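Colleague: sharing a model that was predicted from the sequence below.
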Amino acid sequence: MNTLIQFVGENITYFYLIILMVFVGIELISHVPSVLHTPLMSGANAIHGVVIIGAIIVLGHADPADYFSISIGFVGVFVGTLNVIGGFVVTDRMLEMFKKKPKK
(Lines give C-alpha, C1' and ligand atoms only; values in the text may rest on other atoms or scores of the structure.)
Protein backbone atom coordinates (compact mmCIF):
# COMPACT_ATOMS: atom_id res chain seq x y z
CA MET A 1 0.00 0.00 0.00
CA ASN A 2 2.90 2.34 0.75
CA THR A 3 4.32 1.86 -2.74
CA LEU A 4 0.97 2.82 -4.26
CA ILE A 5 0.76 5.97 -2.13
CA GLN A 6 4.37 6.81 -2.97
CA PHE A 7 3.69 6.29 -6.70
CA VAL A 8 0.63 8.57 -6.58
CA GLY A 9 2.58 11.17 -4.64
CA GLU A 10 5.42 11.18 -7.16
CA ASN A 11 3.08 11.38 -10.16
CA ILE A 12 0.27 13.57 -8.80
CA THR A 13 0.80 16.10 -11.59
CA TYR A 14 0.10 13.43 -14.20
CA PHE A 15 -3.07 12.37 -12.41
CA TYR A 16 -4.28 15.99 -12.39
CA LEU A 17 -3.44 16.27 -16.08
CA ILE A 18 -5.38 13.11 -16.94
CA ILE A 19 -8.42 14.30 -14.97
CA LEU A 20 -8.25 17.69 -16.72
CA MET A 21 -8.00 15.99 -20.12
CA VAL A 22 -11.09 13.90 -19.36
CA PHE A 23 -13.16 16.97 -18.51
CA VAL A 24 -11.89 18.97 -21.50
CA GLY A 25 -12.57 16.01 -23.81
CA ILE A 26 -16.12 15.62 -22.51
CA GLU A 27 -16.76 19.34 -23.01
CA LEU A 28 -15.35 19.31 -26.53
CA ILE A 29 -17.26 16.21 -27.61
CA SER A 30 -20.53 17.47 -26.12
CA HIS A 31 -20.29 20.70 -28.15
CA VAL A 32 -19.67 18.97 -31.50
CA PRO A 33 -22.82 19.13 -33.67
CA SER A 34 -24.36 15.73 -34.33
CA VAL A 35 -23.93 16.25 -38.08
CA LEU A 36 -20.15 16.31 -37.62
CA HIS A 37 -19.90 13.65 -34.93
CA THR A 38 -20.01 10.60 -37.19
CA PRO A 39 -17.43 11.90 -39.73
CA LEU A 40 -15.07 12.89 -36.93
CA MET A 41 -15.41 9.51 -35.23
CA SER A 42 -14.88 7.55 -38.43
CA GLY A 43 -11.78 9.61 -39.18
CA ALA A 44 -10.49 9.07 -35.66
CA ASN A 45 -11.07 5.33 -35.99
CA ALA A 46 -9.07 5.28 -39.21
CA ILE A 47 -6.23 7.20 -37.56
CA HIS A 48 -6.01 4.56 -34.84
CA GLY A 49 -3.63 2.63 -37.06
CA VAL A 50 -1.02 3.86 -34.59
CA VAL A 51 -2.40 1.23 -32.20
CA ILE A 52 -1.55 -1.42 -34.76
CA ILE A 53 2.01 -0.13 -35.10
CA GLY A 54 2.44 -0.08 -31.31
CA ALA A 55 1.09 -3.59 -30.98
CA ILE A 56 3.42 -4.82 -33.70
CA ILE A 57 6.34 -3.25 -31.84
CA VAL A 58 5.24 -4.99 -28.63
CA LEU A 59 5.05 -8.29 -30.49
CA GLY A 60 8.49 -7.72 -32.01
CA HIS A 61 10.16 -7.05 -28.67
CA ALA A 62 8.31 -9.72 -26.71
CA ASP A 63 10.22 -12.68 -25.36
CA PRO A 64 8.92 -15.88 -27.00
CA ALA A 65 8.26 -17.33 -23.54
CA ASP A 66 6.30 -14.24 -22.38
CA TYR A 67 2.78 -15.28 -23.32
CA PHE A 68 1.20 -12.23 -21.66
CA SER A 69 3.03 -9.74 -23.92
CA ILE A 70 2.34 -11.84 -26.99
CA SER A 71 -1.36 -12.06 -26.08
CA ILE A 72 -1.64 -8.31 -25.44
CA GLY A 73 0.16 -7.57 -28.72
CA PHE A 74 -2.09 -9.93 -30.67
CA VAL A 75 -5.24 -8.45 -29.14
CA GLY A 76 -3.93 -4.96 -29.91
CA VAL A 77 -3.28 -5.82 -33.55
CA PHE A 78 -6.68 -7.51 -33.89
CA VAL A 79 -8.72 -4.73 -32.23
CA GLY A 80 -6.74 -1.99 -33.97
CA THR A 81 -7.35 -3.64 -37.34
CA LEU A 82 -11.08 -3.89 -36.66
CA ASN A 83 -11.14 -0.23 -35.62
CA VAL A 84 -9.32 0.94 -38.76
CA ILE A 85 -11.51 -1.15 -41.08
CA GLY A 86 -14.65 0.09 -39.33
CA GLY A 87 -13.51 3.71 -39.70
CA PHE A 88 -12.95 3.28 -43.41
CA VAL A 89 -16.30 1.50 -43.90
CA VAL A 90 -18.22 4.25 -42.09
CA THR A 91 -16.35 6.96 -44.01
CA ASP A 92 -17.09 5.22 -47.32
CA ARG A 93 -20.80 4.97 -46.47
CA MET A 94 -20.93 8.65 -45.57
CA LEU A 95 -19.21 9.66 -48.79
CA GLU A 96 -21.73 7.56 -50.74
CA MET A 97 -24.54 9.69 -49.28
CA PHE A 98 -23.12 12.82 -50.89
CA LYS A 99 -22.67 11.39 -54.39
CA LYS A 100 -25.22 12.40 -56.97
CA LYS A 101 -27.47 9.63 -58.14
CA PRO A 102 -27.26 8.84 -61.85
CA LYS A 103 -30.15 10.06 -63.96
CA LYS A 104 -32.33 7.46 -65.66
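Modeller: Yep, it's here. Numbers count the residues shown, from 1 in each chain.

Colleague: can you pull the domain assignment for this protein?
Modeller: When the chain is parsed with automatic domain parsing, its domains come out as 1-31, 35-99.

Colleague: and the longest one, how far apart are its ends?
Modeller: Just to be clear, that refers to domain 35-99. The first and final residues of domain 35-99 sit 17 Å from each other (C-alpha to C-alpha, to the nearest Å).

Colleague: i'd like the first residue to be 850 from this point on
Modeller: That works, and once the first residue is 850, the last one we named lands at domain 884-948.

Colleague: which of the helices and strands in this protein ranks last by mean pLDDT?
Modeller: helix 883-896 (a mean of 70; mean pLDDT, DSSP states H and E).

Colleague: ok so, going back, CSV for the domains of the chain, including mean neighbour count?
Modeller: Glycine gets a C-beta too; all of them are placed from N, C-alpha and C. Shown next, in CSV, are those (neighbours: other C-beta atoms under 10 Å):
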stretch, mean neighbour count
domain 850-880, 9
domain 884-948, 13
